[in-house]
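Colleague: Sequence unavailable; structure follows:
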């Protein structure tokens, strides 16, 4: 039954029992981590053959490029093609970079700060803003905060961000863009509906240099055959001629190896040209051996998808473990709600207002590290103090089950404390 | 004999004979390239074993870090140590990055533009300048030009840049720094003398945020046992407390594989802290598998040095071929002078004033591509039109001999044309 229907005394008795259970866990001296979206040890074994030098053959890309020497700014063709097919764009609209899509996004915003995108350097403008669907990815927010770009919270529901609010806000020419994770979003795991994508594509912002960073980090990261699908943003833009408004990024960090994968960007012809112009000064080229390794191992987008099913076989039971514990321990008590994603790396848990920080602190004290409460909001400030990002991928299933059990206990303790306060 | 001592008629006859020879070469339809500092095909074979997955062992760095997963901002310890030993600094003063030292330099200047180094963002300042020892590296100049930083030519002699001129110029607080290749400089191949390094260390610039980018690209790139040595800049700074003025970069691009090597930066504690602060926003970390691969293959700085002797065995005959052709065809004619480097990737050829562009154009027409005349100066403007950068590493020795023969012919033709004009 819902805890709010219990009497004070019943709540106090319940709290006392839960605290005893909690103290029992504390005494175990556990050290469990559900904080970061890192692949687990088993997943790291999946792409072992990627490191076989036989894949590199005679070190020649399909166009004859010697991959061991200098040259090729935007990536070898076979690697561009895989990313192009993953994102549904032409190879000419792809640039393959180094190991990090975060780095691509940082560099792109840095480029806007120094040079702008056709309407002056952003660093010379006062009061510029970015729209941030919340809850969202803390590292996106860090980039914006770092460059002094003001962040505006945009609430999300199961279809994506509140588009009516965005359509209104972009009438302000100080609103320069947005950061989105449109598929299996971090942390909610929701995928933007076709209507949301179309309304994004249809935006007519006042700012001439409006840019949405479309971080498609989880585009092939399904947890099984039952999956979401995302409308192709660049296809949607065609009707409106708004291709220049979007910069899409992707990487193999959670496909091959985090840190040793390959990252790529998709953009309009004009944006690709502007970025390449910067790159000719910034580098001689990225790691072509690693591109060739990846292209030869995966071969094509079907190869990537088959590989992702091997990840899913490891990840699905972990997500299920969390969801089943939530259902068993939290459902019907009126103290929490959560998402049930079909892909990605996270589950979003909403506890009662004002209970997230306390829940995370209680977990910490019992040896369970969670992503900091507030981290899913700009400036680390969750106005309702209710959202907690759950990252089930890194711990083993046994550790995970233990950690979630403790988490559920802490959610309930924090909820009762609040009701009694 | 010196051509200037010949009569007009003698010169005209000589020119006519040389032109016949030149037309003979042109008829061959050659396509030879001495333009860029790229390793040749033979060199790319030297580090083949670096790609052996056995080197990666259990994928653990010596401190236990799982190199296949996320994490580690500044590099794994065994890789940091090799760079630290190469540069004679502590490991704590090293950050290991991705594949490109050019990218490190670009990002550092971008950081200064946006955030500055303690005295305000450089992008907000008008008229800031950098000192550029000339002839120098075109990609350094491109970075400065890209960011709108004015470049001031500093002449070099066999000891390095004109330090008296630099000491005078840094009294101007708009002079914010310099780009240097202190060892086997690009293109002269000269190494800064101990006195030059000490005078750099002793500089007391008016700008509080003065930064010298000390691009030690060729620190282990000797052509044999007879080698230059460079005073350690950070050791030299100790006496003056000027460590913050220097950012040193290095990479394995011309040690292991161009494009698939590892690059690093050495700096003072304060500068390392400032750069790491930026990096925590910019990336989750660079390619640790590639770091581990390099560390396991080279083991230590002695391993690097032994490996470089294998490069030298390939490169020395190429440098000798160029120098012996210059001695045979150009010496004593009063039409050219050149450097005889003990390391690095280039030979610097000075032709008579006003003859570099013409020489390069004549070569081009005969199928020999050289670095564009002027490229070794800021804004592509060699005020005397005399310097040509010779890159002997990429062509085979046979191609190189043919290319140099044509080059010498073109130098002489251009010189006589000028004398007759």
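Modeller: All right, it came through fine. Computed from a predicted structure; not experimentally measured.
Colleague: to the chain's geometric centre, what's the distance from the worst-scoring helix or strand of chain A on mean pLDDT?
Modeller: Scoring the helices and strands of chain A by mean pLDDT, DSSP states H and E places strand A:32-34 at the bottom, with a mean of 92. Centre-to-centre, strand A:32-34 and its host chain are 18 Å apart (C-alpha atoms, centre = their mean, to the nearest Å).
Colleague: What's the mean pLDDT across the strand ranked longest in chain A?
Modeller: Longest strand in chain A, counting residues (DSSP state E): strand A:150-157. For strand A:150-157, the mean pLDDT works out to 98.
Colleague: how about stretch A:171-184, does it reach chain B?
Modeller: No. Judged by C-beta under 8 Å from any C-beta of the partner chain, stretch A:171-184 and chain B are separated, with a smallest distance of 13.3 Å. In this view, the C-beta of every residue, glycine as well, is placed from N, C-alpha and C.
Colleague: Name the residues of that stretch that come out as buried.
Modeller: For stretch A:171-184, a neighbour-count test (16 or more other C-beta atoms under 10 Å in any protein chain shown) marks A:175, A:176, A:177, A:178, A:179, A:180, A:181, A:182, A:183, A:184 as buried.
Colleague: Look at the nearest residue to residue A:179 once chain neighbours are set aside and say how many residues are nearby.
Modeller: Spatial nearest neighbour of residue A:179, excluding adjacent residues (C-beta to C-beta, 6 or more residues apart in numbering or on different chains): residue A:140 at 4.0 Å. Here the count is done by other C-beta atoms under 10 Å in any protein chain shown, and residue A:140 has 24 residues near it.
Colleague: any idea how far the helix or strand hosting residue A:140 is from the chain center?
Modeller: Here residue A:140, judged by DSSP states H and E, is contained in helix A:138-146. In terms of C-alpha atoms, centre = their mean, the centre of helix A:138-146 is set 13 Å apart from its chain centre.
Colleague: Next: stretch A:295-306.
Modeller: On C-alpha atoms, centre = their mean, the centre of stretch A:295-306 falls 22 Å from the chain's centre.
Colleague: Next to chain B, which bits of the stretch 51-200 of chain A? Give me the list.
Modeller: Counting by C-beta under 8 Å from any C-beta, the stretch 51-200 of chain A sits next to chain B at A:51-53, A:56, A:59, A:66-72, A:98-100, A:102-103, A:106-107, A:110, A:113-114, A:121, A:123-124, A:139, A:142-143, A:146-147.
Colleague: in chain A, which spans are strands?
Modeller: Using DSSP E, strands in chain A cover A:32-34, A:94-96, A:129-134, A:150-157, A:160-161, A:175-180, A:211-215, A:246-251, A:263-266, A:336-338, A:347-351, A:368-370, A:387-390.
Colleague: between these, which gets nearest to residue B:315?
Modeller: strand A:94-96 (30.8 Å; C-beta to C-beta).
Colleague: if we look at that closest one, which residues are touching it?
Modeller: A:73-76, A:79-80, A:83-84, A:87, A:262-267, A:272, A:275-276, A:279, A:286, A:291 (C-beta atoms under 8 Å, 6 or more residues apart in numbering or on different chains).
Colleague: picking up where we left off before, what helices and strands are in contact with the least confident helix or strand of chain A?
Modeller: strand A:368-370, helix A:397-420 (3 or more C-beta pairs under 8 Å, 6 or more residues apart in numbering or on different chains; DSSP states H and E).
Colleague: any idea how far residue A:99 is from the residue sitting nearest the centre point of chain A?
Modeller: The centroid of chain A falls nearest to residue A:186 when counting by C-alpha atoms, centre = their mean (3.8 Å). Using C-beta to C-beta, to the nearest Å, we find residue A:186 at a distance of 19 Å from residue A:99.
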